[in-house]
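Chemist: here is a sequence together with a model predicted from it:
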Amino acid sequence: MKTTFLLLLILFTTKAFAQAPAVQWQKSLGGSGNDQASSVQQTSDGGYIVAGWSNSNDSEVAGNHGANDYWVVKLNNLGTIEWQKSLGGSLSDYAYAIQQTADSGYIVSGWSSSNDGEVSGNHGNADYWVLKLDDTGAIQWQKSLGGSNVDIARAIRQTSDGGYIVAGGSQSDDGEVSGSHGMDDYWVVKLNDTGGIQWQKSLGGSLGDGAETIQQTSDGGYIVAGESQSDDGEVSGNHGNFDAWIVKLNDTGAIQWQKSLGGSQFENAYSILQTSDSGYIFASASESNDGDVTGHHGDSTAPDYWIVKLNDTGAILWQKSLGGSGYDNPTSIRQTSDGGYVIAGSSNSTDGDVSGNHGNADYWIVKLDDTGAIQWQKSFGGSNQDVAASIEQTSDSGYIVAGYSNSNDGEVYGNHGAFDFWVVKLGCWINTGLISGPSSLCTGSSVTLLDTAAGGVWSVSNSNATISGSSVTGITPGTDTAIYTITKTCGTATATYPITIIPCPPGAAHQIPLTPPIFILPNPTTGYISITGANNITIKVYNTIGQLIKEASNTDNISISGFPVGLYFVRVFNERGALIKQDKIIKE
């Protein structure tokens with residue numbers, strides 16, 4: 001008996017471990033000027049809030065007050081703008097951090113040198129500028145915090161008492177700033193729920209010290225990280241140049257412990273968080289290959305991602321240098337639901353741990369397990385500069401990433417000119433019904449998985465079989481019929497595909513070859529999808545949850561003009577009903 005079946009699993013990935021997720025959607029947001037996103041978070045309604053700065057006043061940006069403004073954008077779950085706000089005054093205003101608050105509004109921080117428009121109370125030069133917005137982006141209150149010199153807030157979080165903790169760097173020693181040690185200090189400010197200062201701390205030594213990130217800890221205190229060149233005052237243990245300086249504070253801002261971590265070259269911790277085991281993990285740029293740092297991939301002018309896991313007293317449990325021979329700079333780290341970690345930043349490397357660069361700097365996203373081993377890595381972007389600033393895991397176990405890009409090719413499209421906010425949703429989805437089965441296979445056959453670069457986790461039930469590349473191989477010859485189950489996992493959702501394995505005589509054909517490539521061409525003007533390179537075909541269009549929403553036979557095009565905006569799947573079948581092409585289409 002000859003059995004010649006090809007199983008077409010139209011979804012994602014290949015091995016029994018996760019590969020990099022796919023781009024579910026991407027948005028270039030901005031105007032003809034420079035627009036750079038610095039912070040993103042999923043909101044309670046399933047959408048997203050993004051903050052950064054913009055000097056545009058056209059296209060998607062409205063209301064600019066002059067120079068750079070804070071630009072805050074609320075997106076729905078598909079990345080469509082629900083509202084946007086340009087906030088600031090006539091001088092420069094730069095937002096670095098945003099978080100949704102318990103009342104469904106937002107807290108934003110950065111710095112402003114303005115003292116007009118929506119900004120008041122500036123103390124001179126640049127101040128921390130903290131804004132409380134309601135759920136529509138209207139200002140509820142604003143505070144300019146600082147002294148007569150430069151004060152730049154880089155992180156803000158709501159605290160368990162309904163107030164806020166803000167951290168950054170300050171060169172002031174007057175106004176609201178006291179206790180300066182010289183040059184720049186970490187300046188940590190605790191605010192109440194209306195922005196009133198409850199306490200403030202200048203932390204550091206006689207040289208440059210600047211905080212990048214802060215988080216409230218489970219004991220009600222705080223963990224702060226950034227960079228320090230000092231080895232006096234409150235800083236000890238510097239290895240030379242700038243170190244990552246990690247400081248644990250109690251609930252009143254008193255230092256409980258501090259660690260200078262790094263080597264003889266430059267380190268700067270951009271992102272830190274408390275982990276589920278009550279320790280800490282931080283992501284730092286590092287140019288060193290000595291001291292606390294091992295495994296550096298480039299020379300002393302090209303940083304690596306340096307990922308360091310600490311215990312609850314700041315001792316190093318493990319550290320990893322990730323990157324290639326080029327410039328690799330991490331900006332954001334988050335613990336994931338599986339106990340591992342995801343890191344975002346930028347890389348122009350094409351070797352070492354980095355692959356798939358599109359040219360110049362790309363978003364470089366790395367997923368680690370709980371021991372720091374790489375599970376997957378992916379370069380996202382185009383031929384110009386693409387710099388990721390912020391990442392979070394989403395409720396569907398995917399990821400939302402924001403930064404800025406001036407590319408308009410590769411995976412980036414829709415650029416408005418210069419740099420845009422570039423917001424990317426990564427993930428996978430299960431599309432049941434897109435499998436020609438259950439199917440039977442001869443023993444010794446292989447099962448082909450299509451769209452293998454798109455994300456998710458595949459596994460196979462029989463220990464003799466393995467998923468390698470785009471095939472399930474090792475289907476063991478035998479005399480009895482057997483059932484193999486191939487499982488696709490995407491977040492918390494799973495789908496299973498039972499495959500009947502039957503004995504076949506020697507020399508039996510095992511697969512039907514695919515037809516030559518064809519092309520699926522969307523036309524955003526007419527709303528038609530055109531197919532070239534195939535005749536006597538059937539076109540089927542599916543939504544992201546696997547529902548067949550349109551079908552047409554014996555034609556080379558199908559209209560989507562009446563469909564809502566979003567992501568669709570187009571499948572092309574030949575006259576025998578075999579799938580010969582599939583693609584993703586985004587209707588805007």
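Modeler: Okay, I see it.
Chemist: helices or strands next to the helix or strand hosting S459 in the packing?
Modeler: In the assignment (DSSP states H and E), S459 maps to strand 457-460. Other helices and strands packing on strand 457-460, by 3 or more CB pairs under 8 Å, 6 or more residues apart in numbering; DSSP states H and E, are strand 466-468, strand 482-490. For every residue, glycine as well, the C-beta is placed using N, CA and C.
Chemist: those strands: lowest mean pLDDT?
Modeler: Mean pLDDT is lowest for strand 466-468 among the helices and strands packed on strand 457-460, at a mean of 68.
Chemist: from S407, how far off is N384?
Modeler: Distance, N384 to S407, by CB to CB, to the nearest Å: 4 Å.
Chemist: what sits opposite K27 in the beta ladder?
Modeler: Note on K27: beta-bridge partners V423, judged by DSSP bridges.
Chemist: pretty sure it sits against E60.
Modeler: No - counting by CB atoms under 8 Å, K27 stays clear of E60, with 9.5 Å between them.
Chemist: so for these two, which residue has more residues nearby?
Modeler: The neighbour comparison of K27 against E60 (other CB atoms under 10 Å) goes to K27, with 26 against 20.
Chemist: could I get the pLDDT score of the more buried one?
Modeler: The score at K27 is 96. That number is its pLDDT.
Chemist: can you pull the contacts of it?
Modeler: By CB atoms under 8 Å, 6 or more residues apart in numbering, K27 lies in contact with 75, 79, 414, 421-424.
Chemist: related to what we said a few turns ago, so what strands line up beside the strand holding S459?
Modeler: As defined by DSSP bridges, the strand partners of strand 457-460 come to strand 482-490 (antiparallel).
Chemist: just the CA atoms of the strand it pairs with, as PDB, please.
Modeler: Taking Å, rounded to 0.1, in the frame of the first residue of the first chain, the C-alpha atoms of strand 482-490 are listed here in PDB:
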ATOM      1  CA  ALA A 482       0.800   4.100  15.700                       C
ATOM      2  CA  ILE A 483      -0.400   7.500  16.500                       C
ATOM      3  CA  TYR A 484       2.000  10.400  16.900                       C
ATOM      4  CA  THR A 485       0.700  13.600  18.400                       C
ATOM      5  CA  ILE A 486       2.300  16.900  17.400                       C
ATOM      6  CA  THR A 487       1.500  19.800  19.700                       C
ATOM      7  CA  LYS A 488       1.600  23.500  19.100                       C
ATOM      8  CA  THR A 489       1.800  25.700  22.200                       C
ATOM      9  CA  CYS A 490       1.300  29.500  22.000                       C
END
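Chemist: now it: buried residues?
Modeler: 484, 486, 488-490 (16 or more other CB atoms under 10 Å).
Chemist: what is the nearest of those residues to A22?
Modeler: Closest approach to A22 among the buried residues of strand 482-490 (CB to CB): C490, at 10.4 Å.
Chemist: my guess is that closest one meets C428, correct?
Modeler: Yes - if you go by CB under 8 Å, C490 and C428 touch, sitting 4.1 Å apart.
Chemist: who's more crowded, N384 and S407?
Modeler: Using other CB under 10 Å, the more surrounded residue of N384 and S407 is S407, with 24 against 19.
Chemist: check contacts around the spatially closest residue to the more buried one that is not a sequence neighbour.
Modeler: Leaving aside its chain neighbours, S407 sits nearest to G382 (2.6 Å; criterion: CB to CB, 6 or more residues apart in numbering). G382 makes contacts with 358-359, 405, 407-412, as judged by CB under 8 Å, 6+ apart.
Chemist: which of the helices or strands spans T313?
Modeler: Assigned by DSSP H and E, T313 falls within no helix or strand.
Chemist: neighbours around it, how many?
Modeler: Look at T313: counted by other CB under 10 Å, it has 11 neighbours.
Chemist: ok, it to V73 distance?
Modeler: From T313 to V73 the distance is 40 Å (CB to CB).
Chemist: for D134, same thing?
Modeler: D134 sits 16 Å away from V73, going by CB to CB.
Chemist: tell me which of these two has more neighbours.
Modeler: Legend: neighbour count by other CB under 10 Å for D134 and V73, higher for V73 (29 against 13).
Chemist: ok, and what's touching the one helix or strand that one maps to?
Modeler: Here V73, judged by DSSP H and E, is contained in strand 69-75. With CB under 8 Å, 6+ apart as the test, strand 69-75 has contacts from 27, 29, 35, 43, 47-55, 60-61, 63, 81-88, 93-95, 98, 106, 108, 110, 129, 131, 133, 137, 421, 423.
Chemist: so N77 is in contact with G47, correct?
Modeler: Yes - using CB under 8 Å, N77 makes contact with G47 at a distance of 5.4 Å.
Chemist: S148: which of the buried residues of strand 482-490 is nearest?
Modeler: C490 (54.1 Å).
Chemist: for that closest one, give the beta-bridge partners.
Modeler: For C490, the beta-bridge partners are A493 (DSSP bridges).
Chemist: what separation is there between it and G546?
Modeler: 12 Å.
Chemist: swap in V308?
Modeler: 42 Å.
Chemist: looking at the two, which is more packed in?
Modeler: Per other CB under 10 Å, whichever of V308 and G546 has more neighbours is V308, with 28 against 16.
Chemist: OK, contacts around the more buried one?
Modeler: Taking CB under 8 Å, 6+ apart, one finds 244, 261, 281-282, 284, 292, 316, 318-320 in contact with V308.
Chemist: need the residues you listed in JSON lines (columns: secondary structure, distance to D338 and neighbour count).
Modeler: What follows is these, written out as JSON lines (DSSP: H, G, I helix; E, B strand; the rest coil; distance: CB to CB, whole Å; neighbours: other CB atoms under 10 Å):
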{"residue": "A244", "secondary structure": "strand", "distance to D338": "26", "neighbour count": "29"}
{"residue": "L261", "secondary structure": "strand", "distance to D338": "26", "neighbour count": "26"}
{"residue": "I281", "secondary structure": "strand", "distance to D338": "14", "neighbour count": "24"}
{"residue": "F282", "secondary structure": "strand", "distance to D338": "20", "neighbour count": "24"}
{"residue": "S284", "secondary structure": "strand", "distance to D338": "23", "neighbour count": "32"}
{"residue": "D292", "secondary structure": "coil", "distance to D338": "27", "neighbour count": "20"}
{"residue": "I316", "secondary structure": "strand", "distance to D338": "23", "neighbour count": "12"}
{"residue": "W318", "secondary structure": "strand", "distance to D338": "17", "neighbour count": "13"}
{"residue": "Q319", "secondary structure": "strand", "distance to D338": "21", "neighbour count": "18"}
{"residue": "K320", "secondary structure": "strand", "distance to D338": "17", "neighbour count": "22"}
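Chemist: among those, which one sits closest to N348?
Modeler: Closest to N348, out of all of those and judged by CB to CB, is S284, at 18.4 Å.
Chemist: what comes up buried for stretch 22-42?
Modeler: Quick answer for stretch 22-42 (16+ other CB under 10 Å): 22-31, 33-42.
Chemist: just the residues you listed: which are in helices?
Modeler: The helices, defined by DSSP state H, take in nothing from the buried residues of stretch 22-42.
Chemist: out of those, which are inside strands?
Modeler: The members of those that map onto strands under DSSP state E are 22-29, 35-42.
Chemist: wait, which of these is closest to I272?
Modeler: Out of those, the member with the shortest distance to I272 (by CB to CB) is S39, at 15.1 Å.
Chemist: hang on, the earlier thing: avg pLDDT for the strand holding V73?
Modeler: pLDDT averaged over strand 69-75 gives 98.
Chemist: export it as CSV, just CAs?
Modeler: Only the C-alpha atoms of strand 69-75 are listed here, as CSV (Å, rounded to 0.1, in the frame of the first residue of the first chain):
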residue,chain,number,x,y,z
ASP,A,69,7.6,67.7,23.8
TYR,A,70,6.6,64.7,25.8
TRP,A,71,4.6,62.6,23.3
VAL,A,72,2.2,60.2,24.9
VAL,A,73,0.2,57.8,22.7
LYS,A,74,-2.5,55.4,23.7
LEU,A,75,-2.9,52.4,21.3
